[in-house]
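>>> Task: produce atomic coordinates for the following.
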Amino acid sequence: MTDYRYQFAHGTPKRICPNCGHKRLRTYVDTSTGEEMPTEFGVCDRIESCGYFNAPKMDGTKSEPTQRIVTPAPKRTDWRCPQEIVAMTKNHAGNVFAHWLVGLLGSAAQESLRAYRVGTYPPSERMPHLSGAMVYWQIGADGLERSGKVIPYDSTGHRIKEHGAVWIHSILYNKSMSELGIGQVLFGEHLLGAYPDSVVGLVEAEKSAIIARCFHPDMVWVSTGGSDSLTIERCMCLAGRKVVVFPDAGNYEKWNEKMTDIEPMLSGMVMWDHLEAAGAPAGTDVADLLISTMSAVDIPRFDVVTEPEEVAKEEVVHSSPVDRILHRSAVSLLVNELRLDLSNVSVKPYDQ
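Numbers count the residues shown, from 1 in each chain. The predicted model follows:
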């Protein structure tokens with residue numbers, strides 16, 4: 001029988017595993033000195049969940065540790081909000097934001113609010129500051145509500161930021177999405193199946209999607225619900241679609257970088273840079289622009305190209321943000337009427 005210099009330290013208490021942090025590491029002893037080896041050398045007996053292993057070399061130096069690659073358990077995404085809870089949010093009489101929007105945009109706003117199946121937080125003694133707040137239900141392809149983001153607004157359509165946003169499931173159960181098994185989706189995802197051939201407008205805020213639909217109902221508007229929520233996982237539902245991406249002012253570079261990973265699964269994509277070109281203040285979004293102009297702003301179209309060479313030339317001529325603004329029909333008319341010299345034209349931020 002071969003005698004090895006380094007053997008397991010039988011009878012010695014198990015040590016803290018340097019990989020998983022549990023006290024499950026079986027260490028080695030140097031038989032030539034009788035001393036226990038440092039805890040970087042050893043085997044974790046949590047074989048399936050950790051698998052750390054690092055045996056000392058014959059000269060006592062450190063070898064490269066190995067560990068088992070553990071495949072994480074799939075996340076549950078099967079939880080749906082009970083329909084009796086959803087039904088409690090369907091009385092919109094006290095919805096502050098809805099009253100403001102309908103007063104501003106009329107029937108177009110009513111149709112948009114119905115399409116997104118928004119809710120209204122009911123009168124509440126427990127959370128009175130949320131009474132009349134918007135409930136943005138996240139509804140997947142199965143047509144069922146998952147959870148709803150509750151956001152209060154004032155009578156001018158602005159968020160009451162001191163109250164923040166809270167989720168229905170958190171209010172009801174005081175549990176996280178992972179604990180309940182909630183998989184987030186894009187706000188408005190349920191509309192994709194109803195309009196399979198429509199171009200998709202991708203925005204950050206739920207409010208922006210609802211307002212943009214009022215001006216451009218020919219497109220399907222979906223929202224990530226936050227600047228950091230633009231992920232491949234959440235955008236899988238856009239595979240094979242033509243998408244125009246509308247970053248908030250100040251987020252163009254961030255979203256443009258993220259879309260490099262998402263674009264390959266799309267059939268076409270345009271990054272809308274109007275806000276950046278115009279020097280809009282950070283945080284301004286396409287809904288702010290639409291409301292301020294109260295008209296349908298220019299949005300890139302995915303038209304059928306019949307003369308690709310001529311179209312390519314036109315795109316080269318008007319490739320910069322400044323050119324795209326100056327060659328809009330309304331701006332061109334103004335330039336011609338006033339006989340303006342455009343040789344040294346530039347676009348300055350709003351506050352200059």
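
>>> Would you state the helices of the stretch 251-352 of the chain in chain order?
For the stretch 251-352 of the chain, helices defined by DSSP state H, counting those that start in this stretch occupy the ranges 252-262, 274-277, 286-293, 308-317, 321-326, 329-338.

>>> what's the least confident stretch among those?
Lowest mean pLDDT within the helices of the stretch 251-352 of the chain: helix 308-317, a mean of 39.

>>> Would you mind measuring from S107 to V220?
Distance from S107 to V220, counting by Cβ to Cβ, to the nearest Å: 19 Å. The way it works is simple: take the backbone N, C-alpha and C, and place the C-beta from them, glycine included.

>>> Ignore what I typed, I meant H22.
H22 is 49 Å from V220, by Cβ to Cβ.

>>> rewinding a little: when S107 and V220 are compared, which one has more neighbours?
Shown here are S107 and V220; by other Cβ atoms under 10 Å, V220 has more neighbours (26 against 9).

>>> For the residue most central in space within the chain, what are phi and psi?
The residue lying closest to the centre of the chain (Cα atoms, centre = their mean) is S229, at 1.9 Å. When quoted as degrees, to the nearest 10, the phi and psi of S229 stand at phi -100, psi 10.

>>> With T120 instead?
Main-chain dihedrals, T120, degrees, to the nearest 10: phi -130, psi 130.

>>> End to end on stretch 10-23, go ahead and measure it.
15 Å (Cα to Cα, to the nearest Å).

>>> Now that stretch: average pLDDT?
For stretch 10-23, mean pLDDT rounds to 86.

>>> Give me the buried positions along that stretch.
By neighbour count on 16 or more other Cβ atoms under 10 Å, the buried set for stretch 10-23 is K14, R15, C17, P18, N19, C20.

>>> Which pair of the residues you listed spans the longest distance?
K14 and N19 (13.7 Å; Cβ to Cβ).

>>> re the thing from before, burial count for the closest residue to the residue nearest to the centre of the chain other than its chain neighbours?
Of all residues not flanking S229 in the chain, Q184 sits nearest, at 7.5 Å (Cβ to Cβ, 6 or more residues apart in numbering). As a burial measure, Q184 scores 20 neighbours (other Cβ under 10 Å).

>>> residues contacting Q184?
Q138, R146, S147, M177, G225, S229, R234 (Cβ atoms under 8 Å, 6 or more residues apart in numbering).

>>> What are the boundaries of the strands in the stretch 151-300 of the chain?
Ranges of strands within the stretch 151-300 of the chain are 166-167, 200-203, 220-223, 242-245, 268-271, based on DSSP state E, counting those that start in this stretch.

>>> In the stretch 151-300 of the chain, where is pLDDT below threshold?
Within the stretch 151-300 of the chain, no stretch has pLDDT under 70.

>>> circling back to that earlier point, turn the buried residues of stretch 10-23 into TSV, including distance to F97.
Converted to TSV, these look like this (distance: Cβ to Cβ, whole Å):
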residue	distance to F97
K14	59
R15	58
C17	52
P18	53
N19	50
C20	48
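
>>> which among these gets closest to F53?
The closest of the buried residues of stretch 10-23, once distances to F53 are taken by Cβ to Cβ, is N19, at 9.4 Å.

>>> Return the subset of the contacts of Q184 lying in helices.
M177 (DSSP state H).

>>> just curious, which of the contacts of Q184 is nearest to G250?
Distance to G250, by Cβ to Cβ, is smallest for S229 among the contacts of Q184, at 16.2 Å.

>>> Let me see the contact set for G157.
Shown in contact with G157 (Cβ under 8 Å, 6+ apart): F97, W100, L101, L104.

>>> hmm, try it at 6 Å
Neighbouring residues of G157 by Cβ atoms under 6 Å, 6 or more residues apart in numbering: W100.

>>> how near is it to R241?
29 Å.

>>> what's the answer for L266, then?
For L266, the distance to R241 equals 6 Å [Cβ to Cβ].

>>> between these two, which one's more packed in?
Applying other Cβ under 10 Å to L266 and R241 shows that R241 carries more neighbours, namely 21 against 17.

>>> partners of the residue nearest to that one when sequence neighbours are not counted in the sheet?
Nearest residue to R241 in three dimensions, chain neighbours excluded: V200, at 5.0 Å (Cβ to Cβ, 6+ apart). Taking DSSP bridges as the rule, V200 bridges to V220, V243.

>>> Count the neighbours of D248 for me.
D248 has 23 neighbours, counted by other Cβ under 10 Å.

>>> swap in K57?
11.

>>> Which of the three states applies to it?
Counting by DSSP: H, G, I helix; E, B strand; the rest coil, the backbone at K57 sits in coil.

>>> From A249, how far out is it?
58 Å.

>>> go on, P300?
Separation of P300 from A249 (Cβ to Cβ) stands at 18 Å.

>>> And these two? Which one has more around it.
Applying other Cβ under 10 Å to P300 and A249 shows that A249 carries more neighbours, namely 22 against 16.
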